[in-house]
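> what's the 3D shape of this:
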Amino acid sequence: MLIDEVEVTIKAGDGGRGSVSFGKSEKSGPDGGNGGDGGDVYIMGSSDLTLLAQFRGKELVEAARGVDGKKDKMHGKNAKDLILNLPVGSFLTDANTGETFELNTVGEEILLCEGGEGGTGNFDLRSSRNVTPTNTIPPTPGQSRSLTISLRFIADYGLVGLPSSGKSSLINELTNAKVKTADYHFTTLSPNLGVLPNKRIIADIPGLIEGASKGRGLGVKFLKHIQKVSLILHCITSDSPDPVHDYEIIRTELGNFDKELLDKKEIILITKSDLVSAAELQRAKTKLSKLNKNITETSIYDLNSINALLDTIH
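Numbers count the residues shown, from 1 in each chain. Here you go, the predicted structure:
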């Protein structure tokens with residue numbers, strides 16, 4: 001199952017310690033080297049949507065600390081930076097500061113946590129007033145963030161509807177996705193993506209039920225994946241006894257999650273049009289027409305309807 005939200009602490013590397021050291025002869029002065037800087041932590045956008053799985057079972061991800069300074073004025077090496085590849089669409093929230101970060105493109109890189117500065121050895125602390133310092137300046141710790149990382153698909157279109165409204169079968173027909181389908185509710189347990197012929201991304205969201213915003217069924221947490229779509233495809237089955245009520249259920253849950261979803265462009269898809277007669281299909285369209293929405297019917301067994309739908313959303 002796709003992991004689309006994790007909580008993890010990300011920490012940059014601490015600075016290395018400075019050294020207290022003196023040469024071997026009586027006239028030798030201090031020669032303790034400085035510590036190296038700790039590694040920074042960067043996040044980088046990737047097209048791999050499974051990357052949040054790298055945090056499974058981990059509470060802390062930490063960059064390396066700087067190397068300690070040594071005698072003979074030997075400074076410790078700076079630690080290598082840590083680059084964490086995250087899926088494009090990752091939205092990070094710092095639990096302590098409220099600061100947010102977002103990755104929108106492949107290859108985009110953001111500095112997340114700064115590494116600590118290395119400590120100062122006693123060689124660099126010598127002065128005319130203190131020619132034999134026996135102390136160091138301690139290193140600073142690396143920056144730490146307690147984060148919630150949430151994946152929001154960068155999809156162009158979103159399929160929504162009640163369970164068993166034909167969304168998964170439709171995305172299989174429209175794209176090369178191979179989504180599991182079956183004759184029972186909740187076969188889709190996590191969102192699925194497909195690439196349309198025009199190279200746009202379409203997301204299939206697990207079925208919503210009445211009260212989903214209160215935790216019923218699979219809840220509404222997957223709706224975050226369509227917050228950025230330009231078009232919602234609202235699937236209602238042709239054999240529904242009350243298609244308007246079905247529509248209103250989904251709209252209520254969308255609005256309870258994010259009212260901005262209600263302002264997005266929308267097409268009502270009467271799915272599984274092959275299951276009913278032409279007269280029954282017309283009755284469903286008539287009932288839905290009072291909503292003043294763009295309405296079209298489709299069936300995965302009718303290539304013409306599939307092509308017409310592609311033309312419409314293109």
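
> for residue 38, see how far away the closest residue to residue 35 other than its chain neighbours is.
Counting by CB to CB, 6 or more residues apart in numbering, residue 35 lies nearest to residue 16, which is 2.9 Å off, once chain neighbours are set aside. In this view, the C-beta of every residue, glycine as well, is placed from N, C-alpha and C. In this view, residue 16 and residue 38 are 8 Å apart by CB to CB, to the nearest Å.

> overlap of the contact sets of the two?
Common contacts of residue 16 and residue 38 (CB atoms under 8 Å, 6 or more residues apart in numbering): 65, 66, 79, 118, 139.

> what about residue 2, how many residues nearby?
17 (other CB atoms under 10 Å).

> measure residue 114 to residue 129 for me?
In terms of CB to CB, residue 114 sits 33 Å off from residue 129.

> pretty sure residue 207 is touching residue 167, no?
Yes. At 7.2 Å, residue 207 counts as touching residue 167 under the criterion of CB atoms under 8 Å.

> tell me which of these two has more neighbours.
A direct count of neighbours by other CB under 10 Å for residue 207 and residue 167 places residue 167 higher, at 29 against 23.

> quickly note the distance from that one to residue 263.
Relative to residue 263, residue 167 is positioned 22 Å away (CB to CB).

> can you check residue 6 too?
Taking CB to CB, one finds residue 6 at 30 Å from residue 263.

> same question, residue 305
Between residue 305 and residue 263 the computed distance is 28 Å (CB to CB).

> what pairs with the worst-scoring helix or strand of the chain on mean pLDDT, parallel or antiparallel?
For the chain, using mean pLDDT, DSSP states H and E, the weakest element among its helices and strands is strand 192-195, scoring a mean of 80. In the sheet, strand 192-195 lines up against strand 201-204 (antiparallel) (DSSP bridges).

> for the next helix or strand after the partner strand, buried residues please.
Following strand 201-204 in sequence order, the next helix or strand is strand 231-237 (DSSP states H and E). Buried residues in strand 231-237, counted by 16 or more other CB atoms under 10 Å: 231, 232, 233, 234, 235, 236, 237.

> okay if I get those residues as TSV plus distance to residue 53 and pLDDT?
Listed next are these as TSV, based on distance: CB to CB, whole Å; pLDDT from 0 to 100:
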residue	distance to residue 53	pLDDT
231	30	93
232	28	94
233	29	94
234	31	95
235	29	94
236	34	95
237	34	93
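
> show me which of the residues you listed is closest to residue 290.
Each of these was scored against residue 290 by CB to CB, and residue 236 proved nearest at 13.8 Å.

> residues contacting the closest one?
161, 162, 165, 243, 246, 247, 268, 269, 270, 271, 284, 288.

> name the nearest of those relative to residue 310.
Distances from residue 310 to the contacts of residue 236, taken by CB to CB, are shortest for residue 269, at 12.2 Å.

> just the CA trace of the helix or strand in which residue 279 is found, in PDB.
Under the criterion of DSSP H and E, residue 279 resides in helix 278-289. In PDB, the C-alpha atoms belonging to helix 278-289 read as follows (Å, rounded to 0.1, in the frame of the first residue of the first chain):
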ATOM      1  CA  ALA A 278     -31.500   4.200 -23.300                       C
ATOM      2  CA  ALA A 279     -34.700   5.400 -21.500                       C
ATOM      3  CA  GLU A 280     -33.300   4.800 -18.000                       C
ATOM      4  CA  LEU A 281     -30.100   6.600 -19.000                       C
ATOM      5  CA  GLN A 282     -32.000   9.600 -20.200                       C
ATOM      6  CA  ARG A 283     -34.000   9.700 -16.900                       C
ATOM      7  CA  ALA A 284     -30.700   9.800 -15.000                       C
ATOM      8  CA  LYS A 285     -29.400  12.600 -17.200                       C
ATOM      9  CA  THR A 286     -32.700  14.500 -16.700                       C
ATOM     10  CA  LYS A 287     -32.500  14.200 -12.900                       C
ATOM     11  CA  LEU A 288     -28.900  15.500 -12.900                       C
ATOM     12  CA  SER A 289     -29.500  18.300 -15.500                       C
END
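
> by contact count, what packs against it?
helix 243-257, strand 265-271, strand 294-297 (3 or more CB pairs under 8 Å, 6 or more residues apart in numbering; DSSP states H and E).

> return the set of buried residues in it.
Buried, per 16+ other CB under 10 Å, within helix 278-289: 281, 284, 285, 287, 288.

> got it, and stretch 56-70?
For stretch 56-70, by 16+ other CB under 10 Å, it's 61, 62, 63, 64, 65, 66, 67, 68, 69, 70.
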